[in-house]
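Student: I need the structure of the sequence given here:
(one chain, ligands or ions: 1)
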Amino acid sequence: MQRRHILAASALPLIGCDPGHEIEGGFHGINLERGHFLRDTRTLPAPSRTRRTRVLIAGGGVAGLAAARALRLRGMHDFALLELEDSAGGNARGTQVGGIACPMGAHYLPVPGDDAPQLQDLLEEFGLRQRVSGRWVWEERHLCHSPQERLFFRGEWQEGLLPLHGVGPQTLAAYRKFSALVERLSKAARWVIPVTSVRASAPQLELDGITFSSWLSQQGVSDPQLLWYLDYCCRDDFGAGLNIVSAWAGIHYFASRHGFHVPGDGAPDRDGVFTWPEGNAWLTQRLAARLAAEGQLHTGQIVLHIADGKHGVEVDAFNAVSQTVDHWQAERCIVALPVMVAARVLQNPGERVLERAAQIRYAPWLVANVHIARPLHDRPGAAPSWDNVIYPEGKAPAMQSLGYVDATHQSLQRVPGASVLTWYLALGDLPEGRRQLFEQPWTHWRDALLADMAVPHPDLRSKLTRIAITRYGHAMAIPAPGTLRQINRAGRPDEGRLRFAHSDWAGYSVFEEAFALGHAAGNAAL
Ligand SMILES: Cc1cc2nc3c(=O)[nH]c(=O)nc-3n(C[C@H](O)[C@H](O)[C@H](O)COP(=O)(O)OP(=O)(O)OC[C@H]3O[C@@H](n4cnc5c(N)ncnc54)[C@H](O)[C@@H]3O)c2cc1C
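Tutor: This next block holds a predicted model:
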């Protein structure tokens, strides 16, 4: 807290800052050419060598890395993982800007519950959980330090993200009503993470049939502050707002975790969340390091073709460094690729893969890592937090940001200095969002970011030195109406020698789901 007070006290007049200085920046982090390579493979050379392994894992995101871990735990070491990018981790990779570690995508992991035993076990393996006097204790240094989150609302910062300052009694009544609805539904069904560990129940399938906004209006929930908050939660977890995600997804967000409580109404303590300067890359880098040490990790490899043959699986992969094609033969293949990629590279994708690929709508995302030379001037109210969200006053909903997290929040350094603020924008609501993401120059996003963040931080421009922007065209599957029904019916479409793993098979994308699916596929492959 002491450090926070120093940060808050740094609201000093600007001395020696040049608001007109050049801001360096550009796109980085994802190799779009490699991703688009699969669109036309006709000009590729013929395979120049054949390689053999018992299990081949295609895709090195959280799901692929979890599958590799499951194989290792079962004593299987004869496997290879092929990843398109130059490092594994997928949407949960990290980077450095101005020498400061920061996330390139996923940035936090809630403390997992007992429905995610393999994940609990992983955290234990990494020293984040240990038994003390018969009780499980989570490693405090890696749990998000206080203060965790704040909202810039009506000209000042308030603690927490639910709009509270100056709201009227009708808004508080709407909060209580929604809290009661969540509580009732929490009791009517089992809401768990990972979602694929239980079969969906009738009330959940009913909620899956309509959008969250339609359901809320049926329940008579229309308070603008509450609707903004629920929309924010959906965009934050699912990449699109409440007009697009299903009521099942909207309720699952609360019922599977901490419920919905009005501050001051005796809410139970919320479980903590783990976070690191580099975000969830702290986890994926550790998972990948082990594979790299044992020669099982092959990066810069674009999987082009997977055929499930009579005697084994045949896989062609383009090596982006040597510009040659390798032909792999394996007994089994774990397809840890996004479903739309799987549908393209599988020789016979099968009905369930094609059905899911046809249904999925992907949310594009943009992540901007903003390097600041010195701490920002701050507005009155709650102290600088890890997660800082700006309530939009009269902005077009599709361009609302999700705010920013501070990469140096976990640092114990007492005098604040340079930092990286990671700003998130989910574009799932924006018609033509993907086209915009790829057609607009980086300066377009720089200006959108400055317009947003400068509201609480007018001195941002003068302290900003560099912006590194990562674009995800197909970042995550949006859990639109019908998703739960499809997931429930399809399960993983394992067939022949192929096992499937990717968060797309859970219907929505979080670390816990990808990890559970990867582990299950690894076990199924044996
Ligand atoms: C901006 C952003 C923020 C997020 N924040 C969080 C968060 O804070 N917490 C959280 O829990 N979740 C978050 N998520 C969700 C995140 O997607 C999941 O947590 C998880 O990382 C998904 O893992 P996955 O393995 O299912 O998929 P992916 O990450 O999509 O992994 C698929 C992998 O396959 C590779 N690949 C694709 N095509 C090929 C090919 N042809 N050949 C070889 N390899 C290929 C890709 O490069 C990638 O590495 C966030 C997502 C995004 C985009």
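
Student: pLDDT wise, what is His5 at?
Tutor: Here the pLDDT value assigned to His5 is 37.

Student: Would you mind listing what in the stretch 101-250 of the chain touches the ligand?
Tutor: The stretch 101-250 of the chain comes close to the ligand at residues Gly105, Ala106, His107, Tyr108, Leu109, as judged by C-beta under 6 Å from any ligand atom. (Each C-beta comes from the backbone N, C-alpha and C, glycine too.)

Student: of all these, which comes closest to Trp423?
Tutor: Here the nearest of those to Trp423, counting by C-beta to C-beta, is His107; it sits at 11.4 Å.

Student: where along the stretch 151-300 of the chain do the helices fall?
Tutor: For the stretch 151-300 of the chain, helices defined by DSSP state H, counting those that start in this stretch occupy the ranges 169-188, 202-207, 212-218, 224-238, 247-255, 281-293.

Student: Out of those helices, which is closest to Gln148?
Tutor: Comparing the helices of the stretch 151-300 of the chain against Gln148 with C-beta to C-beta, the closest turns out to be helix 224-238 (13.9 Å).

Student: residues in contact with the residue nearest the centre of the chain?
Tutor: Centre of the chain computed as the mean C-alpha position; nearest residue by C-alpha atoms, centre = their mean is Ala106, 4.0 Å away. Ala106 makes contact with Asn91, Ala92, Gly279, Asn280, Phe511, according to C-beta atoms under 8 Å, 6 or more residues apart in numbering.

Student: Point out the most buried one among the helices of the stretch 151-300 of the chain.
Tutor: helix 247-255 (a mean of 25; mean count of other C-beta atoms under 10 Å).

Student: send the alpha carbons of that one over as PDB?
Tutor: Extracted in PDB, the C-alpha atoms of helix 247-255 (Å, rounded to 0.1, in the frame of the first residue of the first chain):
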ATOM      1  CA  ALA A 247     -27.400 -15.700 -21.400                       C
ATOM      2  CA  TRP A 248     -25.700 -19.000 -20.400                       C
ATOM      3  CA  ALA A 249     -22.300 -17.400 -20.900                       C
ATOM      4  CA  GLY A 250     -23.300 -14.200 -19.100                       C
ATOM      5  CA  ILE A 251     -24.500 -16.200 -16.100                       C
ATOM      6  CA  HIS A 252     -21.600 -18.600 -16.200                       C
ATOM      7  CA  TYR A 253     -19.200 -15.700 -15.800                       C
ATOM      8  CA  PHE A 254     -20.600 -15.100 -12.300                       C
ATOM      9  CA  ALA A 255     -22.100 -18.400 -11.200                       C
END
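
Student: and it, what's its mean pLDDT?
Tutor: 97.

Student: Give me the packing partners of that helix, helices and strands only.
Tutor: Helix 247-255 sits against helix 169-188, helix 202-207, helix 212-218, helix 224-238, helix 483-490, with contacts defined as 3 or more C-beta pairs under 8 Å, 6 or more residues apart in numbering; DSSP states H and E.

Student: So which of the ones you listed is nearest His258?
Tutor: Of those, nearest to His258 by C-beta to C-beta is helix 169-188, at 10.0 Å.

Student: now the closest one, how far from the chain's geometric center?
Tutor: 27 Å (C-alpha atoms, centre = their mean, to the nearest Å).

Student: Likewise for stretch 221-234?
Tutor: With C-alpha atoms, centre = their mean, you get 21 Å for stretch 221-234.

Student: what do you get for stretch 73-87?
Tutor: A distance of 22 Å separates the C-alpha centroid of stretch 73-87 from that of its chain, computed with C-alpha atoms, centre = their mean.

Student: Could I get the buried residue list for that stretch?
Tutor: If you call a residue buried by 16 or more other C-beta atoms under 10 Å, then stretch 73-87 has these buried ones: Phe79, Ala80, Leu81, Leu82, Glu83, Leu84, Glu85, Ser87.

Student: out of the residues you listed, which touch the ligand?
Tutor: Near the ligand, by the rule C-beta under 6 Å from any ligand atom, you find Leu82, Glu83, Leu84, Glu85 out of the buried residues of stretch 73-87.

Student: Just give me the closest of those residues to the ligand.
Tutor: Closest approach to the ligand among those (C-beta to the nearest ligand atom): Leu84, at 3.5 Å.

Student: got the helices of the stretch 151-300 of the chain as a markdown table, with distance to Gln440 columns?
Tutor: Output for those, formatted as a markdown table (distance: least, C-beta to C-beta, whole Å):
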| stretch | distance to Gln440 |
| --- | --- |
| helix 169-188 | 36 |
| helix 202-207 | 36 |
| helix 212-218 | 28 |
| helix 224-238 | 19 |
| helix 247-255 | 28 |
| helix 281-293 | 26 |
